[in-house]
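Undergrad: Need coordinates for the following:
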Amino acid sequence: MAIPQSFIQELLARADVVEIVGRHVQLKKAGANFQGLCPFHAEKSPSFTVSPTKQFYHCFGCGQHGNAIGFLMEHAGMGFVEAVKDLAGQYGLEVPQDDRSPRDRELAAQLRRQQATITDVLEKAGQAWRRQLKGSPRAIDYLKGRGLSGEIARRFGLGYAPEGWHGLASVFPAYDDPLLVDSGLVIAGEEDAGAGAGQARRYDRFRDRIMFPIRNVKGECIGFGGRVLGDEKPKYLNSPETPVFSKGRELYGLYEARNAVREAGYVLVTEGYMDVVALAQLGFPNAVATLGTACTPEHVQKLFRFTDSVVFSFDGDAAGRRAARRALEAALPHAGDTRSVKFLFLPAEHDPDSYIRAHGQDEFLRYVRQAVPLSVFLLEATAEDCDLSTAEGRSRMLTMAQPLWAALPDGALRRQLFAEIADRSQVGPHELAQLWRLPGSGGAGRRREREPRPAQVGRRQPVKPKTVAFAETIARLVLRHSSSWDLLTQPDHEVLCRLQAPLGDLFGWLDSGSQEHGGQPWAALQAGLQGLEFAGLAERLMAYDESQPISRVVEDIDTTERDLRLSMVEIHLDLAAAAIEEANRLPQSDPSRVGRLLKLSRRQQQLLDDRRQLRA
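TA: Next up is the predicted model:
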């Protein structure tokens with residue numbers, strides 16, 4: 001059984017080697033690490049060390065070392081696959097099987113090699129900028145003026161990109177190396193404004209900026225953020241999207257904060273690099289920041305791998321409230337009954353750094369503890385600009401509340417909020433359930449929603465197991481992004497809706513829902529599926545989806561469209577091959593046989609061309 005490398009990486013990122021080893025070895029805290037008696041050889045004084053930062057164990061006595069998977073293999077005598085399955089089971093993950101072709105696996109290996117090379121290039125640039133910082137009094141004075149010590153600067157690897165258009169030319173032997181562009185360090189394809197028309201077309205992206213290395217959870221440098229020393233614009237500049245960096249998935253400071261987050265019991269999400277570094281300086285090392293973008297569901301999902309409590313910190317002005325609303329929407333699908341999400345709104349004149357300096361650590365900690373719970377903020381957000389003393393205002397509030405409430409996973413929190421929304425609206429729980437067409441409410445609209453559309457009517461298409469797999473991929477993508485159903489054509493819809501049960505029935509239901517309600521989040525679809533025969537199929541597809549590593553979660557609609565179309569082409573190819581087989585069985589004397597085969601062959605060739613283009 002071949003297991004995808006991406007799954008192994010995600011499993012090791014999620015697992016805590018201290019917890020895994022600690023089940024078999026008595027460990028004691030020793031500085032930043034843990035120590036104990038080595039389980040692989042007899043010893044009286046501990047030489048066995050486990051590093052929570054590196055997620056690695058090492059014995060200085062016998063030399064045994066490795067990660068969480070390696071420990072299970074060595075200590076429990078498991079094989080590699082058995083150890084992966086055991087570890088995945090401890091974290092509720094399903095191990096996928098790598099059924100890709102050898103060519104696809106080689107392409108994936110090439111991508112991994114490219115990613116490793118890019119991180120090496122980024123680390124080399126970071127080292128050069130750290131040296132530049134030591135020799136720049138102006139940059140050092142700026143950091144001191146912000147209250148940062150040399151120790152905290154070293155901890156976060158801060159550096160300085162000097163003035164000049166080609167500073168990195170002295171760092172890398174070949175300034176025209178494509179990797180400098182691929183890594184986002186150098187911009188190519190535009191005239192260098194500092195060198196004159198017609199001259200060098202490459203220049204450093206970061207110039208005269210304090211540099212903040214952005215690391216993934218494994219500690220690898222995957223990008224940079226740069227801040228100007230004065231008031232120039234833009235104040236902050238991030239690395240562009242690269243094969244190793246996506247700002248919608250990464251959080252600044254998470255690698256540095258991961259142990260502090262576990263110790264504090266919560267993570268504080270701020271709005272900028274300087275907030276994170278300053279908070280670490282002032283006694284709050286459990287802070288992270290988004291990278292110049294709104295908080296995404298992937299951000300929240302990643303945070304919940306390290307803690308069950310997230311506190312979002314925002315300015316108290318209108319912009320801060322808007323950012324908090326986006327964070328609320330991102331957090332709702334992950335806000336289960338055992339998790340805590342809160343929102344901290346500082347006075348408009350303060351950020352976390354200035355508030356602590358003005359009022360002290362204890363006062364800031366009190367502010368954190370009194371942060372607004374998700375349930376309260378959700379109710380406040382739904383009632384914003386709504387006059388609840390009027391029927392019109394209460395109706396508007398219900399319209400605002402429905403998609404937010406539907407995004408919550410089923411549980412006690414969701415049910416309590418439903419009761420509170422019903423109470424505030426003065427509609428009542430039963431009437432609200434009917435209004436929102438919830439299962440069991442007796443609403444006529446729910447029955448109409450389940451009626452098949454014309455696309456479902458017709459002869460059911462028997463398909464091969466391979467096509468079922470592609471159809472399930474499409475169903476998973478549409479359940480995740482129901483609005484992506486509109487990315488497929490009407491003939492595609494008809495093919496999918498005519499598949500054998502239960503897949504065809506599920507697609508028919510999705511088609512009807514798309515026509516009546518448009519795109520809906522999974523939580524809303526999940527509520528509508530209750531009691532339907534194909535609900536189990538949908539739950540299984542989404543359960544598999546949620547078990548996948550973060551790198552496989554598709555939030556980019558462009559990526560979703562490509563995967564949809566590629567899977568759809570594979571289904572059409574399967575059906576075309578079946579139609580050719582059927583035509584070949586016609587008698588040689590049948591006058592329609594040759595024309596039919598020619599038409600089908602052309603169709604098959606067109607589909608093969610489409611597949612090549614999509615895979616390119």
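Undergrad: Please count neighbours and contacts with C-alpha atoms only from this point.
TA: OK.
Undergrad: Are we agreed that Ile187 is in a helix?
TA: No. Under the criterion used here (DSSP: H, G, I helix; E, B strand; the rest coil), Ile187 is strand, not part of a helix.
Undergrad: Contacts only, for it.
TA: Taking Cα atoms under 8 Å, 6 or more residues apart in numbering, we find Ile187 in contact with Val181, Arg202, Tyr203, Asp204, Arg205.
Undergrad: any idea which element the third one lies in?
TA: Here Tyr203 is covered by strand 202-204, with elements defined by DSSP states H and E.
Undergrad: related to what we said a few turns ago, okay, who's weakest in the contacts of Ile187 by pLDDT?
TA: Least confident of these in the model: Arg202, at 89.
Undergrad: If I follow the layout properly, that residue ends up in contact with Ala188?
TA: Yes. With contact defined as Cα atoms under 8 Å, Arg202 reaches Ala188; the gap is 4.6 Å.
Undergrad: Most neighbours among the contacts of Ile187, which one is it?
TA: Tyr203 (27 neighbours; other Cα atoms under 10 Å).
Undergrad: Give the helix, strand or coil label for Phe314.
TA: strand.
Undergrad: That one touches Leu346, doesn't it?
TA: Yes. The pair Phe314 / Leu346 is scored as a contact, 6.5 Å apart, by Cα under 8 Å.
Undergrad: Compare these two and say which is more crowded by neighbours.
TA: Neighbours were counted for Phe314 and for Leu346 using other Cα under 10 Å; Phe314 has more, 24 against 20.
Undergrad: any idea how far Gly147 is from that one?
TA: 21 Å (Cα to Cα, to the nearest Å).
Undergrad: mind listing what the residue nearest to Leu254 when sequence neighbours are not counted touches?
TA: With sequence-adjacent residues excluded and distances taken as Cα to Cα, 6 or more residues apart in numbering, Leu254 is closest to Val288, at 5.6 Å. By Cα under 8 Å, 6+ apart, the contact set of Val288 is Leu251, Tyr252, Gly253, Leu254, Ala257, Val267, Leu268, Val269, Thr270, Val276.
Undergrad: Where does the prediction get shaky in the stretch 501-616 of the chain?
TA: 516-524, 527, 530, 543-560 (pLDDT under 70).
Undergrad: same thing but at 90, please
TA: For the stretch 501-616 of the chain, the stretches with pLDDT under 90 are 501-505, 507-604, 606-616.
Undergrad: Start from the N-terminal end of it and give the helices.
TA: In the stretch 501-616 of the chain, the helices defined using DSSP state H, counting those that start in this stretch lie at 503-517, 522-529, 535-546, 557-584, 593-615.
Undergrad: Could you dump those helices into CSV and include distance to Asp362 and mean neighbour count?
TA: Listed next are the helices of the stretch 501-616 of the chain as CSV, based on distance: least, Cα to Cα, whole Å; neighbours: other Cα atoms under 10 Å:
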stretch, distance to Asp362, mean neighbour count
helix 503-517, 49, 20
helix 522-529, 39, 19
helix 535-546, 39, 16
helix 557-584, 44, 17
helix 593-615, 56, 14
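Undergrad: To His430, which of the ones you listed lies closest?
TA: helix 522-529 (15.9 Å; Cα to Cα).
Undergrad: Beyond the worst-scoring helix or strand of the chain on mean pLDDT, next helix or strand please.
TA: Least confident helix or strand, the chain: helix 444-449 with a mean of 37, by mean pLDDT, DSSP states H and E. Counting by DSSP H and E, the element after helix 444-449 in chain order, helix or strand, is helix 465-480.
Undergrad: Mind listing what's buried along that following helix?
TA: Applying a neighbour-count criterion of 16 or more other Cα atoms under 10 Å, one finds 467-468, 470-480 buried in helix 465-480.
Undergrad: what comes into contact with it?
TA: 484-485, 496, 503, 507, 521-522, 525, 538, 541-542, 545, 560, 563-564, 567-568, 570-571, 574.
Undergrad: between the helix or strand that that helix is followed by and helix 503-517, what angle do the directions make?
TA: Following helix 465-480 in sequence order, the next helix or strand is helix 490-497 (DSSP H and E). If you take axes from the mean of the first three to the mean of the last three Cα atoms, to 10 degrees, helix 490-497 sits at 130 degrees to helix 503-517.
Undergrad: Tell me the strands beside the strand holding Tyr203, with direction?
TA: Note on strand 202-204: by DSSP bridges, its sheet partners are strand 186-188 (antiparallel).
Undergrad: got the phi/psi numbers for Phe245?
TA: phi -130, psi 130 (degrees, to the nearest 10).
Undergrad: Hmm, it is touching Phe224, no?
TA: No. Taking contacts as Cα under 8 Å, Phe245 lies outside contact range of Phe224: 9.6 Å.
Undergrad: Quick check on those two: which one has the bigger neighbour count.
TA: More neighbours surround Phe224 than the other of Phe245 and Phe224, with 25 against 22 (other Cα under 10 Å).
Undergrad: Would you agree the more buried one falls within a strand?
TA: Yes. The assignment for Phe224 by three-state DSSP puts it in a strand.
Undergrad: correct me, but it touches Asn216?
TA: No. Between Phe224 and Asn216 there is no contact under Cα under 8 Å: 11.5 Å.
Undergrad: Could you find the closest non-adjacent residue to the residue positioned nearest the centre of the chain?
TA: Among the residues of the chain, the one closest to the centroid is Glu298, at 2.7 Å (Cα atoms, centre = their mean). Among residues not flanking Glu298 along the chain, Arg249 sits closest, at 5.6 Å (Cα to Cα, 6+ apart).
Undergrad: With that, I have no additional questions.
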